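>>> take a look and give me a structure for this.
(one chain, ligands or ions: 1)
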Amino acid sequence: MLAVGAWWRPCAAEMAVSFWNNLLQITKNRVLQQRGVSLYNYTHGFEEHVIKKKLEQFAGGSINLSKDGNGIGVLTVNNPRLMNAFTGTMMLELQEKVTELENWKEGKGLIIRGAENTFCSGSDLNVVKALSSMQDGVNTCMFIRNTLTRLMRLPLISVALVQGKAVGGGAELTTACDFRLMTPGSEIRFVHKEIGLVPGWGGATRLVQLIGSGNALKLLSGALKVDPERASVLFYCTDDTLLLFPPKTRLKCTEIVS
Ligand SMILES: CC[C@H](C(=O)O)C(=O)SCCNC(=O)CCNC(=O)[C@H](O)C(C)(C)COP(=O)(O)OP(=O)(O)OC[C@H]1O[C@@H](n2cnc3c(N)ncnc32)[C@H](O)[C@@H]1OP(=O)(O)O
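A predicted model of the protein is given here:
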């Protein structure tokens, strides 16, 4: 009887984890389907292979993924020379890492952070300039939006750990996570109107879903700086958010920040 019990318990634990993972995936998919979020494909005029070839030409930085034995992944946007701006190859690497996470059966949580105490300053402006034709711009945006939609759909609890600045596409990246956690002195800023762009990474739509159209309009049209205090007023992020995280994710965030 004891032997049967000992055999049964890990099996039940695995079943419970698998049950919760499936439930989370199903719930996320339903919510996303209700919101009408789908991936761009050739029917939208999107030619992924064409834009991938172009993005390959803009090298630099990296996207690093570490996965620990507790099922917590840490995705680091790494290009500190440019305040962690995304080069073309980083956009391609992000897609690869998302594919890896989609296949990570043991995954439970994901922390997204920037290297060297700043979060991310969006697209590398040199890439934006070089790919500024209508077709290239639209294709680049479709490419990164697809990747971020897949990131949102992962059956993992995701947290954007914002240290330093999350600007432009970096601000948009925070909206693709389930939660945002901001350290003192950090800021999120949708600077797009300052440079005459609309948010190209799908961040405006996600922001409306997160904080409502009135608040989203204020942040976007004013390019307002969102510090941790304003973030907590907007329910964009709160101090007690941390309490919602599984203890192992909480521990990992604390380790990174300290
Ligand atoms: C499709 C567009 C996409 C989208 O969201 O849809 C975008 O993301 S467009 C890009 C939007 N981002 C920006 O416009 C941010 C521009 N950068 C800044 O405003 C500042 O650099 C800031 C606030 C991030 C940091 O300011 P700080 O004073 O702390 O640092 P520096 O300005 O001295 O920056 C250091 C170094 O990094 C270069 N840098 C920063 N961000 C970018 C970027 N996005 N692309 C290219 N280069 C960037 C900056 O020019 C400095 O280089 P240096 O050679 O030392 O002068």
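
>>> who touches the one residue in the stretch 151-258 of the chain that gets nearest to the ligand in this structure?
Proximity of the stretch 151-258 of the chain to the ligand (C-beta to the nearest ligand atom) peaks at Gly168, 2.4 Å away. Where you see a C-beta, it was placed from the backbone N, CA and C, and this is true even at glycine. For Gly168, the contact set (C-beta atoms under 8 Å, 6 or more residues apart in numbering) comprises Ser121, Gly122, Ser123, Arg189, Phe190, Val191, His192, Ile195, Pro199.

>>> how about the secondary structure of the last one?
Same thing as Pro199. Following DSSP: H, G, I helix; E, B strand; the rest coil, we place Pro199 in the coil state.

>>> restrict the contacts of Gly168 to those near the ligand?
Near the ligand, judged by C-beta under 6 Å from any ligand atom, the entries from the contacts of Gly168 are Ser121, Gly122, Ser123, Val191, His192, Ile195, Pro199.

>>> surely the fourth one and Lys165 touch.
What that stands for is Val191. No. Using C-beta atoms under 8 Å, Val191 is not in contact with Lys165, being 9.9 Å away.

>>> residue contacts, the closest residue to Gly222 other than its chain neighbours?
In this structure, Gly222 finds its nearest non-sequential neighbour in Lys193, 7.9 Å apart by C-beta to C-beta, 6 or more residues apart in numbering. Neighbour list for Lys193: Leu220, Ser221, Gly222, Ala223 [criterion: C-beta under 8 Å, 6+ apart].

>>> quick one on the thing from earlier: quick one: which of Val191 and Lys165 has more around it?
Higher neighbour count among Val191 and Lys165: Lys165, with 23 against 20, using other C-beta atoms under 10 Å.

>>> tell me the contacts of that one?
Met83, Thr118, Phe119, Ser121, Ser186, Glu187, Arg189.

>>> which of the ones next to the ligand among the contacts of Gly168 count as buried?
Among the ones next to the ligand among the contacts of Gly168, the ones that count as buried by 16 or more other C-beta atoms under 10 Å are Ser121, Gly122, Ser123, Val191, His192, Pro199.

>>> any idea how far the fourth one is from Glu93?
Here Val191 is placed at a distance of 24 Å from Glu93 (C-beta to C-beta, to the nearest Å).

>>> same thing with the fifth one?
When distances are taken as C-beta to C-beta, His192 and Glu93 turn out to be 24 Å apart.

>>> please report phi then psi for the residue of the stretch 151-258 of the chain closest to the ligand.
Backbone geometry at Gly168, expressed as degrees, to the nearest 10, gives phi 60, psi -130.

>>> distance of it from Glu116?
Distance, Gly168 to Glu116, using C-beta to C-beta: 18 Å.

>>> and if you look at Ile63?
Distance of Ile63 to Glu116, given as C-beta to C-beta: 15 Å.

>>> ditto for Arg250
Counting by C-beta to C-beta, the gap from Arg250 to Glu116 is 23 Å.

>>> about what we covered before: which of the contacts of Lys193 ranks first by neighbour count?
Leu220 (20 neighbours).

>>> neighbours of the closest residue to that one other than its chain neighbours, how many?
Among residues not flanking Leu220 along the chain, Phe190 sits closest, at 5.2 Å (C-beta to C-beta, 6+ apart). For Phe190, the neighbour count with other C-beta under 10 Å is 28.
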